[in-house]
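In: Build me a model:
(chains A and B)
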Amino acid sequence: MKIFLYNLLLFLPFLAQAQSTQTIITGRIMDSTRQPLEGAIIEVISTHNKTTTKSDGSFTVKVANIRDSIKVSYLNYEGRTVPVDVKAPIIIFLRFSVNQLEEITVNTGYQKISRERATGSYTLLDNKTLNLQVGTTTLSRLEGLTNGILFDRNSNRPAITIRGLSTIYGNQQPLVIVNHFPYEGDLNNINPDDVENISVLKDAAAASIWGTRAGNGVIVITLKKGKRNRSLQVNFNSVLTVADKPDLSYFKPIASSDFIDVEQMLYSKGFYTSQINNISRPALTPVVELLLKKTNGQLSPAEADSRINALRNLDVRNDFSKYLYSNLVNTQYSLSLQGGSPVVTYHVSGAMNRNTNELKATYNRVNLYADNSFKLSDALQLTTSLYYTQSRSGSGRSGYGQGSFNGQQLYPYAQLADAAGNPLALNVYREPYIDTAGNGKLLDWKYYPLDEYRRAVSSTNTQDILANAGLQYNLGKGLSFSANYQYQRQVRLTETLQDINSFSARDLINRFSQINRSTGVVKYIVPLGGIFNNTKAIMETQNARGQINYQKNWGKHDISLLAGGEIREIISTGNSSRVYGYNDEFATVGAVDLVNTYPTFITGANQAIPSGNAFSGKRNRFTSLLFNGAYTFRSRYMFSASARKDASNLFGVQANEKGVPLWSTGLSWSVSKEPFYSVPWLPMLKLRLTYGSSGNVDNNRSAVTTIGYTPIGAQYTNLPYANVTQFPNPSLRWEKVYLFNAGIDFATKASLFSGSVEFYSKKGVDLFGNAPVDYTTGLGTNYLTENIANMEGHGFDIQLHARPFSGQLKWTPTLVFNFAASKVTRFNQTATQGSAYLSSGESISPLEGKPVYSILSYQWAGLDPASGDPQGIVNGLVSKNYTALTGPSVLISDLVYRGSAVPVYWGNFLNSFVYKNWSVNINMVYKLGYYFRRSSINYSSLFSASSGHSDFAERWQLPGDEARTQVPSLIYPTTSARDNFYNSSYVLVEKGDHIRLQFINISYELQPKGSRSAFQKLQVYFNANNMGIIWKSNKKAIDPDYTSGLPPSKSYALGIRVNF
Amino acid sequence: MRHTIALIFICCLLAVQISCKKYLDAKPDKSLVIPSSVADLQALLDNNDRMNKNCPWAGEGSSDNYYLTDADFNALTQQRYKNIYTWGEEIIFDAYPNDWSYSYDPVYYANIVLESLSTVERTNQNKTVWDNVKGSALFFRGKCFLSTLSLWAKAYDSTTAGSEPGIPIRLSSDFNIASTRASIQAGYDQAITDLKNAIPLLPATPTHVMRPSKSATYALLARTYLYVQDYTNARKYADSALQLNSNLLDYNTISPATTPFPRFNAEVIMHFTASAMSAIRNRIDSTLYNSYSSNDLRKSLFFRNNGDGSFSFVGSYDGSTTLFCGLSTDELYLTRAESFARSGNAGAALSDLNTLLRKRWKTGTFIPLTAANAADCLELVLTERRKELLMRHLRWPDIKRQNAKGSAITITRKLNGQIFSLPPGDNRFALPLPATVIAKTGIVQNPR
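Out: Residues are numbered from 1 along each chain as shown, chains lettered A, B, ... in the order given. Below you'll find the predicted structure:
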């Protein structure tokens, strides 16, 4: 109520000003060196009338009355509000402050430091930048806009890296902080509309503040809060996003006709004989069944051939596209209220998201957020916040290339529906067998892809509560302390119901059915009904932190100290259960015997009914001590230092080995504040330096052998049994990473150009990697974590803003340029097989002097002109001995290095145009200087797993073809070594360089004058996302970011944002 | 007031740090344990996936119980399968896990158990379990050494066994100790020592045939002594085992089916299985198939007509398509019979042989076998041994040891018009060690 009254008071002046007369005033705006500022914005407080200054800094504006005030703002200068003077021109001086219009503080999660004071390396993203994109999750809005962050789509490498990797084996994800503490829940929970800003901490200062988990950088998400002495503000935002149906032609499977030719060839060679005779009755493809019928005389040769040829023009991708894929549709709504009195601040928001993806999988989310602060006394302040998320995701349809049966990929001529669109069956078992098995007493034993997603559905419900309370007590004399406590509980329930009509349920019931041959009575060992799985996972975290702050300023000296301690506990418990014979209508279940084995229908082999019951309980604890201090002299020289010690309840480790001390130190110098500094065109110049160390322990490190019990008893005996989970490896040392950062912040006169250039270098010592182990030792692994390598890396993070036009049409381009180079300086492993390092840059490269992630390949010597066989080099000679080319005798030194597997140069180019109420933002993202290995035909996989590639059509067939193609000839029998050689050879490496049009954002903003309008500001915006590649180096129609899966479709969003 | 608050706060911080040690001693995962009780160690040995399943199969794959047609061979997708079939180059154990790791993983568990057990006091309360754990660990270790010797070492010959390279004998869980190849003699000695030490510790019959027992240890010792051509001991231990369990299935009670024999049937003393390539059981050597009389029930129970004149093997004692390679009473009758025959006691040998075969033939059709002399009798025993124990991973060591005693068994493969043959005494009877192990340890490779 008080708040309401208070807000009413704030509104009163607006109601009073409408009838006033108008007066014209003039003035000039200058900076502290008396240089006129062109393009500064003058806003009359009462009428919202606006004007901008001319080249001499002068302006003229109408004001409502002589008690009016004007607000002056100018990019990178501190704004001022001054009362008008109708008698004389006003001269207003603005003070330079590079971040005045952006967020001025960096939130490290422990403290907010003004950017001027900061010595470390940070990237800040304000709310406005985050709103340029419309993704449902917060982190997705960082993509393509954040200096120093690389988004990687290779699922084998971490999705987000900050300045490249600092650890090879440890957790490679950056640490994400929400408000004050590490966020342990699902990051998708955080609604981007609730985010005020994001600070990305990139250097050693980050690690020394946040400890071991921060070696990969820290992303600090600050949620919106109410502000003191602000009237009620209501914001509403709504967005509708629609994406194109995915283009399945991006997949490059073998053509149906080619595949059928291969099947006919294999059939004639007797390849399918063992499959035909297999007593497990795995399905044969329709073509093989037809060929078999032809052989057995069940079909005339003409009839069989014509049926086979009818399949040649089919392409299962068309069916998938037609029947299973659709447009993605996402809707978002959010509403927030915020404001504050001198005593209380509040921010309350609610949001709703409803997403349906291209395969009809749903994701619905509701967020509720409340943040309050109360000034309990002059010295004591209480803050509370509560963040509640409820989400529900539902399974969709099975997409192209997902799932396989009997280890076989779906044949390319499969049909999902008949001409009328009715679901067609795919066989998992041989059709002639299931047609007669059980004499009709069994359930239908076929799989219907167009029906299954309706019959087997799963949904996940997540509830998450994040509650936070903090006390700040000001003890006076610069001393204050604060205590924060956070509780988070995430409950995730997953339900999977395969009803009686689903293939999975029918299949299991049939496999355990027993038919009495004389009476025909069926005995169901697995009861008739659905299979219902329930999984519950609960995560509870508690964080508490106490912190003493000391801030003192005397004369030229300014000191700021922080010391604190922190404890954290994460408890995860989970259980899952499965019932058989479930009937959803009556919620009834059947009883099953999970202990004894029963003969299965097809082979008669005895099996037990699979159990789905499991329990787990985990408890991780961490304690930390931290210190951070900064000393500033004459507000020009800054020195900072921080240190931290972390410890956790690592199992089987002595207490004194549980901790890792980390430290960093930094220097900065604001050159432009020196009295001698007089460079009028460069009014702001600041130099920064930091150096520090971070480390990483292997969490599987142990001083003793530990074992882990498996959740379910042994298969036949039902006895509890265990595995060895950890073994002592005394030779293992910590990974240590030393980080150096040097930065320059600058702004030219009137901020025509501003930005930062940062150089960093890092040195990793004793990095973990997988080293081959003599598995005669019986450890159950052939690779062991060892300190295998040292590395060195360096790079630049450059961010440049410009304001070439600042008149009616404003154009502000921002260029982010990141360069990161790394090299291995020492590699401990010798006598290692080359074949272990042919991955697509997922493991640390063994070549000294080459990047940490490199693309290595077998040497390629072209195709044999006589046979089309792939050829390599053995001992300097062209060879077709694939055993020698791919076997253990191929050492690392025999591989060819092509280049880095991760981009060496990347960044974005964002262009913002503002004209009157219109603004347009166009963002381009580039990644350069790297390579990837494309996939091609692998004949062994084609024969054994029906996994083909369209390169088949390009294969060598006749002498002379070697001039036009590098795809080896088809041979039968083939050897897997021949295919492995070709698929890991140099010839398949492509340059990854590309430029992508990430998004275009167009918005129209309406700010009605006067107070009668229902709203203060209305913005309508349109966003086109994933607009595709503008330029790429490879000529193969491969998006280098998506070498295996589908690139995201173009999406279009229309939104409205209203402030009341 | 303010100072009091500050003081309280500092005290709290200190208290947190002091109590840290205890706070951090909480167990991070309920399922994690530092093995400290006999129950924990028993749980390691009850890890059937590691201890009982996944026995090596490359021996059976290299043997003569089956054949592949050109089409079958060409259709093999793995080069290593082709190399196993043709005793080819080193690409046999190139992938991981493989037969070598399956052989040594249980040894590691056994060593962990034996080392941990030394810290657990044997008390009146736990002595039965304590003994069972120790005996089981010794049994598994001995069993693995024996099967490893039978694949990667040449046949035992008492004159050369002390100098020929055998296998690495790992008696510690410390993986920093480098592997070296001990002599064949040392390998067999260690296996026999482990097994003999296990006997007094194990129960006569186990609670479950997935667990070791006295009878299983006797049975394995009988097999071991057969391999080192010590027929007195082979007979002695086969006899001891049969005294504890002499059950034989009457095949007249078994009806033909896709997999006719139940898992854990009366003949099984201890259960082990191997996951071989599926092609291994698809075509049984036709001479072998034809050697079964039509009244021999094994002919209909062991085999299934493929419809093209060839027969596949379905007689696994695992009750599935997975091949059984455990210990069973039928093997013991044959081992005892062979020991009798080789020591000139044809009568006792024939008695054992006829006891077994009576249960294998159609009721009323079996005519007891007779032999003119011990040599003929031995011939009969060896023939029946092959017919009874095919696809049990026993043929490869049987060929090796019989050739060492003068049998001239040459294995021949005809493929794509080419003849491959493996004559007696060939180097290739000792399989190649994994190349990665050779590269890492520098131990000597078997010549091919």
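
In: got the contact list for the closest residue in space to B:Leu390 that isn't next to it in sequence?
Out: In this structure, B:Leu390 finds its nearest non-sequential neighbour in B:Asn65, 4.6 Å apart by C-beta to C-beta, 6 or more residues apart in numbering or on different chains. For glycine as for every other residue, the C-beta is placed from the backbone atoms N, C-alpha and C. By C-beta atoms under 8 Å, 6 or more residues apart in numbering or on different chains, the residues touching B:Asn65 are B:Ile284, B:Asp285, B:Leu288, B:Phe313, B:Arg386, B:Leu390, B:Met391, B:Arg395.

In: change it to 7 Å
Out: Contacts for B:Asn65 (C-beta atoms under 7 Å, 6 or more residues apart in numbering or on different chains) come out as B:Ile284, B:Asp285, B:Leu288, B:Leu390, B:Met391, B:Arg395.

In: Which residue ranges of the stretch 251-400 of chain B form strands?
Out: Along the stretch 251-400 of chain B, counting by DSSP state E, counting those that start in this stretch, strands occupy B:268-270, B:273-274, B:303-305, B:311-313, B:323-324, B:327-328.

In: Quick one, which of those gets closest to A:Ser756.
Out: A:Ser756 sits nearest to strand B:273-274 of all the strands of the stretch 251-400 of chain B, at 64.3 Å, using C-beta to C-beta.

In: any idea how far A:Phe512 is from the residue nearest to B:Leu390?
Out: 32 Å (C-beta to C-beta, to the nearest Å).

In: A:Gln390 now?
Out: A:Gln390 is 39 Å from A:Phe512, by C-beta to C-beta.

In: For these two, indicate the residue with more neighbours.
Out: Taking other C-beta atoms under 10 Å in any protein chain shown, A:Gln390 and A:Phe512 do not tie; A:Phe512 has more neighbours (21 against 16).

In: In space, what's closest to the more buried one - neighbours in sequence excluded?
Out: According to C-beta to C-beta, 6+ apart, the nearest residue to A:Phe512 is A:Ile525 (3.9 Å).

In: my guess is the one you found contacts A:Pro599, does it?
Out: No. Between A:Ile525 and A:Pro599 no contact is recorded; they are 9.0 Å apart, counting by C-beta atoms under 7 Å.

In: tell me which helix or strand of chain A sits lowest on mean pLDDT?
Out: The helix or strand of chain A with the poorest confidence is helix A:2-16; it has a mean of 38 (mean pLDDT, DSSP states H and E).

In: Check which residues of the following helix or strand past it are buried.
Out: Moving toward the C-terminus from helix A:2-16, the next helix or strand (DSSP states H and E) is strand A:23-31. Across strand A:23-31, burial judged by 16 or more other C-beta atoms under 10 Å in any protein chain shown covers A:Ile25, A:Gly27, A:Arg28, A:Ile29, A:Met30, A:Asp31.

In: who touches the residue nearest to the second one when sequence neighbours are not counted in this structure?
Out: Read it as A:Gly27. Once flanking residues are discounted, A:Gly27 sits nearest to A:Ile90: 3.6 Å by C-beta to C-beta, 6+ apart. Taking C-beta under 7 Å, 6+ apart, we find A:Ile90 in contact with A:Ile25, A:Gly27, A:Val82.

In: Of these, which is the nearest to chain B?
Out: Nearest to chain B among these is A:Val82, at 39.4 Å by C-beta to the nearest C-beta.

In: Tell me, how many residues neighbour the closest one?
Out: 12.

In: same thing with A:Pro804?
Out: A:Pro804 has 10 nearby residues by other C-beta under 10 Å.

In: Please, which helix or strand holds the closest residue to it other than its chain neighbours?
Out: Of all residues not flanking A:Pro804 in the chain, A:Trp811 sits nearest, at 5.7 Å (C-beta to C-beta, 6+ apart). Assigned by DSSP H and E, A:Trp811 belongs to strand A:809-827.

In: How about B:Leu242?
Out: helix B:231-244.

In: you'd agree A:Tyr413 is up against A:Ile254?
Out: No. A:Tyr413 lies out of contact with A:Ile254 (C-beta under 7 Å); the separation is 10.4 Å.

In: ok, and what's touching the helix or strand A:Thr883 falls within?
Out: Per DSSP H and E: A:Thr883 is located in helix A:882-886. With C-beta under 7 Å, 6+ apart as the test, helix A:882-886 has contacts from A:Ser835, A:Tyr858, A:Gly872, A:Val874, A:Ser879, A:Thr975, A:Ala977, A:Arg978, A:Asn980, A:Phe981, B:Glu89, B:Ile91.
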